[in-house]
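Enquirer: Structure for the following, please:
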Amino acid sequence: MSRRYFENDTYAVVAGWDRPLQYHFLDIYQRDHPERDPIFSHLSLLNPSMTLEQIADTLKTYGITAPPTLFTDLNEDALADRGGFDVHYDPETGTASIQAEYGDRPDLGDASAAEPVERHRLQQLADRIREWFQRDRDRGMEW
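Expert: All right, here's what the predicted structure looks like:
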């Protein structure tokens, strides 16, 4: 699953691609209380599968401006069937930083440890991740 995090003064948002279920998702939380249930969750919908248009409309309903590359990034996640990483967008610049899920590595234990990565580097990292998964599939391993 890819998870893409961003926030504004009021809301904390996570959107992404659920690789096992093959759909996009969106959850919106009150920024001051992220531990509480989301104020919007795709899981509360009759059909939890969301299109990019539905995500855009929902963000607009809550007055949330998405990072500049969010929809392109989400589309690429689906096209490449990517998952297993988190991306945090800087609230001021919209710049993304990637954080892979590699267990207990202290350098990847929280979002503050992830360094900003330029877009071309993100593509290189995404390509490497895709190659790793393809290699595992070729060996008969499925995720």
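Enquirer: What's the mean pLDDT across whichever strand or helix holds Ile129?
Expert: Ile129 belongs to helix 119-138 when elements are defined using DSSP states H and E. For helix 119-138, mean pLDDT rounds to 74.
Enquirer: tell me which strands and helices it is in contact with?
Expert: Using 3 or more C-beta pairs under 8 Å, 6 or more residues apart in numbering; DSSP states H and E, the elements in contact with helix 119-138 are helix 70-80, strand 96-100. From N, CA and C alone the C-beta is placed, and that goes for glycine too.
Enquirer: By mean pLDDT, point me to the weakest helix or strand of this structure.
Expert: Least confident helix or strand, the chain: strand 96-100 with a mean of 67, by mean pLDDT, DSSP states H and E.
Enquirer: most neighbours per residue, which of the helices and strands packed on helix 119-138?
Expert: Counting by mean count of other C-beta atoms under 10 Å, strand 96-100 has the highest mean neighbour count of the helices and strands packed on helix 119-138, with a mean of 20.
Enquirer: In stretch 47-63, which residues are buried?
Expert: Buried positions in stretch 47-63, judged by neighbour count with 16 or more other C-beta atoms under 10 Å: Met50, Leu52, Ile55, Ala56, Thr58, Leu59.
Enquirer: any weak-confidence spans in the protein?
Expert: 34, 98-122, 141-143 (pLDDT under 70).
Enquirer: what's the closest non-adjacent residue to Leu59?
Expert: In space, and not counting its chain neighbours, Leu59 is closest to Ala66: 5.6 Å by C-beta to C-beta, 6 or more residues apart in numbering.
Enquirer: hmm, I was thinking of Ala15
Expert: Ala15 sits nearest to Leu26 (C-beta to C-beta, 6+ apart), 4.7 Å away.
Enquirer: Could you look up the SS state of the one you found?
Expert: Secondary structure, DSSP: H, G, I helix; E, B strand; the rest coil: Leu26 is strand.
Enquirer: Please tell me I have it right and it contacts Ala56.
Expert: No: between Leu26 and Ala56 there is no contact under C-beta atoms under 8 Å: 9.7 Å.
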